[in-house]
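[1] Dropping a prediction and its sequence here:
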Number of protein chains: 2
Amino acid sequence: MHARIIILVIIIATAGIAPLHAANTPVSSQKVPAKAQVCAGCHGPQGLGGGIYPRIAGQPTDYLQQQLRLFHSGARVNDFMQPVAKGLSDKDITELADYFSSIKASYEPSTRPISVAELAHGRELVTVGDWRDGAPACMRCHGPDLTGVAPGIPALVGQSPEYMLSRLQMFRDVNGGSLPLMVMSHASKGMSDADLQAVTGYIAHMKLGEHLEMVRPPQDATYQFVPQSPDNFEPPPDSAIPTGPEGDMIWHGLQIFEDTQHEAGRYVGDNLNCSSCHMDLGRRADSAPMWAAYVVYPKYRDKNKKVNTLEERIQGCFRYSMNGTPPAADNPEMVALVTYFHWLATGLPVGITPKGAGYPKLAPPTHPADIQRGAKVFADNCALCHGDDGQGHESRSEMVFPPVWGPKSFNWGAGMERISTAAGFIQANMPYGAGGTLSDQDAWDVAAFVVSHARPQDPRFNGSVEETRKQYHAQDSYYGRVIDDHLLGSPANHQ
Amino acid sequence: MHARIIILVIIIATAGIAPLHAANTPVSSQKVPAKAQVCAGCHGPQGLGGGIYPRIAGQPTDYLQQQLRLFHSGARVNDFMQPVAKGLSDKDITELADYFSSIKASYEPSTRPISVAELAHGRELVTVGDWRDGAPACMRCHGPDLTGVAPGIPALVGQSPEYMLSRLQMFRDVNGGSLPLMVMSHASKGMSDADLQAVTGYIAHMKLGEHLEMVRPPQDATYQFVPQSPDNFEPPPDSAIPTGPEGDMIWHGLQIFEDTQHEAGRYVGDNLNCSSCHMDLGRRADSAPMWAAYVVYPKYRDKNKKVNTLEERIQGCFRYSMNGTPPAADNPEMVALVTYFHWLATGLPVGITPKGAGYPKLAPPTHPADIQRGAKVFADNCALCHGDDGQGHESRSEMVFPPVWGPKSFNWGAGMERISTAAGFIQANMPYGAGGTLSDQDAWDVAAFVVSHARPQDPRFNGSVEETRKQYHAQDSYYGRVIDDHLLGSPANHQ
């Protein structure tokens, strides 16, 4: 188990009630732009916000610029902000964003009373989410301390709860739109008023810098495991994890799955976790869920021309998708993963491929998958999180959004390098939390774009790109092809 | 895979029809007893039989003696034999049995036409049995070439098919009785006339010395795997094994399970197979069936105080029950076993303990389990197969009936050394093919008798019998107890 200590701080009544504006001594190295006084009217001189006014201090520069430009253009509708933004020049926008972003201000957690149950529910939504309602965990995008992920994802910790609540209500009421509105719209769609209160209440009670991790919920001993149909399987909730050593092992497996980088880092050679390719901690149908893998293996695989046990299949993930050195079949981390998967599959019939297994197979595209069109799809739908350069983004040196090509992404032996596999995965699961929104054609195109970039060598490389291509990448792959004057898979640009 | 070649010889029309009596030149080193002429009237001068008269040539001496004594006493009813046997002295019986047993005569397989389908069905019953009807394979008791197993089990190959048929019909019609009648009564109870015809027809067409093995049946591609209830699970038939490498692996696992001695011998240190403790190749409910183990593991075990994967649990069998050196978790034999178990469990829900898992837990005995009473139960119900000395019996150097104590039986670390475990196993599964016939009290008593004998040391032995007893055998075990002046588990009598 990773050594980080999970600290759940429940601050229900701390002494002294201080208004947000005066709670701390902001520090900025930047000169105050003249136009800052316009912002100060509502957001306060240091942009700390409060009430319905959001905290803008310390938000990522690019995020602030982007929002001001959206107000300026009218794309983001707001009666207060649109007129103000209209009066700003491009230079004003850059200066204001830089200034407010540079303000380092501490933050006093809310002292408003909140019940332990509501706090726990909020924490669950923030750290685990509720994928049955389509809601990923807040921290999956806003970072493990909710301080945002530059350049595009805003901080939530320190934000005014009233503001967050009104924004979530708005997100919940809209349908679709473009990124990131569309993602937030999907994420909040299934949330009840109580959910929104719990989420914002929990965040308001967080300490700045508090590092979030999932907390093992107390066992709900009333949960009944029953046989289920493979046609619409529902894996058990975390609260069904039993107490005792078996439950400890299940939970440990879940932690490895979530944060493979830290919990099984010596077996990982890139910046991916198991959960990078398997949404909702391996629970989500059409996201190669682990309950399906559990009942399907051992199984013959054409990839290595033999019957693979579940352990061997998992080793394949470590070797290819995580570009690492796989743990042995009876290694403790492996045992924990298998124990977790076994538990996830409780009630599912053995050996009958359930609905939602693997990634969906898309019909062949109407127009052949096109890298150039894919580049546009990527810029519009993926770059916010994965970066313009596809290298993902970190928060405080921890991977939040995985790199999708390059030296720290999956290697050429991974299933995901196949255009069809990537297209199926993307269509069903991306953008994160808004799977199913891209058209099949867009998914094919963006898949082609992503997998036509350099990435680490195929561990099965036999010394010749041409031979390796013939043997393992004869079709559905860009390995061994020349794209933009680069021979993909070439040891010369071997990452 | 074991290197023995499976030869299925279908002799439907060989040239030359020779009467059984004249088919060969019998050889005996024994002087012909005077009373042999009485036998010759029906069984022929060399006891080769034919028609309704059984072949007595070459049968085990003890078996012939026993039958003559049963006729003599009237316990075995037969209008011809009872008067004849009445006239025989004890010396006559010994001489006649020795003489006819000593006759080595070859045998011409039947030339009577038989359909390929009937032959295949007969072979299936002879080599696999049909446990759904309560019928174990003939070869499990009569030996892998059906030449009988001395001292008590008669040969079937060479036997007159008419005689076999009439005996099976008789067995089928009686209820209960004592061993071995009771076992044959159970085995034949569920068999149809067609089954009996197929069995006897197949045996009549066997060559003397033909070594039987299970033959993988052609795939029945119409078999539908469907979700099943854990309350009354039925594992798939062998004919549902798919073609291709996955099916090959399943079949290989089945073979290892059946004949661990040959198929995975380097991991086995005693004379047991997986199938020695798990009836019907791991299919049978209440016989620790493998489909149940598959869905239950990984699971916490108090025995080693940790979560055990299925592989680790299987390693425990090799280490303790088979007194060997377990294969690694990813060893080919292990993979084959796990693949077989996975297939056996097809349709069974994961993680929900199914009905029939493990061995039944008997209620505590009315009278404390008693070794002396158990000795009598053993002599009456177990010794025929396992031997008066509990060392089992071989046929042509192959174990047919496993030793239940002593140097070639399971060691003191096996679950079966626990009195309660052995009692539950025995009551549900012994005598072979007639499980459920012993009273609970008899099962407790005979279990106590069996596990109160010396056997190989517990691999967890820590240097002190007393300490090992305290740590692993504090109750429900004779380890560390003095029985008949022997300290069980003592390195001095460490087998």
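    Structure received. Numbers count the residues shown, from 1 in each chain, chains lettered A, B, ... in the order given.

[2] which non-adjacent residue is nearest A:V38?
    Nearest residue to A:V38, sequence neighbours excluded (C-beta to C-beta, 6 or more residues apart in numbering or on different chains): A:V84, at 6.0 Å. No exception for glycine: its C-beta is placed from N, CA and C like everyone else's.

[3] element containing A:A117, please.
    helix A:116-127 (DSSP states H and E).

[4] Return the residues of chain A in contact with chain B.
    With the criterion set to C-beta under 8 Å from any C-beta of the partner chain, chain A comes near chain B through A:225-230, A:244-246, A:249, A:291, A:294-295, A:297-300, A:305-307, A:309, A:311-312, A:328-330, A:335, A:338-339, A:342-343, A:345-352.

[5] Filter those down to just the ones in strands.
    In strands, defined here by DSSP state E, the members of those are A:299-300, A:306-307.

[6] now, the most widely separated pair of the residues you listed?
    Pairwise distances across these peak at 10.1 Å for A:K299 and A:K306 (criterion: C-beta to C-beta).

[7] quick one, which of those two is more surrounded?
    Counted by other C-beta atoms under 10 Å in any protein chain shown, A:K299 and A:K306 do not tie: A:K299 has more neighbours, with 19 against 15.

[8] need the helices for the stretch 51-200 of chain A, in chain order.
    All helices of the stretch 51-200 of chain A, identified by DSSP state H, counting those that start in this stretch, fall at A:61-73, A:81-86, A:90-102, A:116-127, A:139-142, A:161-173, A:181-189, A:193-204.

[9] In contact with A:Y479, which residues?
    A:412, A:417, A:458, A:465, A:468-469, A:472-473, A:488-489 (C-beta atoms under 8 Å, 6 or more residues apart in numbering or on different chains).

[10] count of neighbours near the closest residue to it other than its chain neighbours?
    The shortest distance from A:Y479 to any residue other than its chain neighbours is 3.8 Å, reached at A:H473 (C-beta to C-beta, 6+ apart). By other C-beta under 10 Å, the residues close to A:H473 number 22.

[11] Show me the strands in chain A, by range?
    A:129-130, A:135-136, A:299-301, A:306-308, A:393-395, A:398-401, A:482-483, A:486-487.

[12] Partner strands of the last one and their direction?
    Within its sheet, and counting by DSSP bridges, strand A:486-487 is paired with strand A:482-483 (antiparallel).

[13] Name the residues that touch the partner strand?
    Residues outside strand A:482-483 that contact it (C-beta under 8 Å, 6+ apart) are A:371, A:452-453, A:488.

[14] from the middle of its chain, how far away would it be?
    30 Å (C-alpha atoms, centre = their mean, to the nearest Å).

[15] do the same with stretch A:65-80
    Going by C-alpha atoms, centre = their mean, where stretch A:65-80 is centred and where its chain is centred differ by 26 Å.

[16] what domains does the record give for chain A?
    Here the domain parsing of chain A from automatic domain parsing is A:20-102, A:116-204, A:238-344, A:371-493.

[17] B:P360 is nearest to which of those?
    Closest to B:P360 of the domains of chain A is domain A:238-344 (C-beta to C-beta; 23.7 Å).

[18] can you give me the end-to-end distance of that closest one?
    Using C-alpha to C-alpha, to the nearest Å, one end of domain A:238-344 lies 9 Å from the other.

[19] pLDDT averaged over it - what is it?
    Domain A:238-344 carries an average pLDDT of 97.

[20] sorry, back to before: and of the contacts of strand A:482-483, the nearest to chain B?
    Chain B lies nearest to A:L488 out of the contacts of strand A:482-483, by C-beta to the nearest C-beta, at 31.6 Å.

[21] which ones are touching the spatially closest residue to that closest one that is not a sequence neighbour?
    Once flanking residues are discounted, A:L488 sits nearest to A:Y478: 5.1 Å by C-beta to C-beta, 6+ apart. By C-beta under 8 Å, 6+ apart, the contact list for A:Y478 reads A:417, A:419, A:448, A:451-452, A:488.

[22] Switch the residues you listed over to CSV; also include distance to A:R172, pLDDT and neighbour count.
    What follows is the contacts of A:Y478, written out as CSV (distance: C-beta to C-beta, whole Å; pLDDT from 0 to 100; neighbours: other C-beta atoms under 10 Å in any protein chain shown):
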residue, distance to A:R172, pLDDT, neighbour count
A:E417, 37, 98, 28
A:I419, 35, 98, 23
A:A448, 34, 98, 24
A:V451, 35, 98, 29
A:S452, 37, 98, 22
A:L488, 43, 97, 23
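
[23] in chain A, what spans have low per-residue confidence?
    Scanning chain A with the threshold set as pLDDT under 70 gives A:1-26, A:493-495.

[24] Next up, the contacts around the residue nearest the centre of it.
    By C-alpha atoms, centre = their mean, chain A has its centre lying nearest to A:R140, at 4.1 Å. Residues near A:R140 by C-beta under 8 Å, 6+ apart: A:129, A:400, A:432-433.

[25] make it 7 Å
    A:R140 makes contact with A:Y432, according to C-beta atoms under 7 Å, 6 or more residues apart in numbering or on different chains.

[26] For chain B, see how far away it is.
    Computed as C-beta to the nearest C-beta, to the nearest Å, the A:R140 to chain B distance reads 28 Å.

[27] cool, A:P54 as well?
    According to C-beta to the nearest C-beta, A:P54 and chain B sit 46 Å apart.

[28] Over to A:P33?
    Counting by C-beta to the nearest C-beta, the gap from A:P33 to chain B is 60 Å.

[29] measure the closest residue to A:G356 other than its chain neighbours to chain B for me?
    Take A:G356 and drop its neighbours on the chain: the residue closest to it by C-beta to C-beta, 6+ apart is A:A285, 2.7 Å away. Taking C-beta to the nearest C-beta as the measure, A:A285 and chain B are separated by 16 Å.
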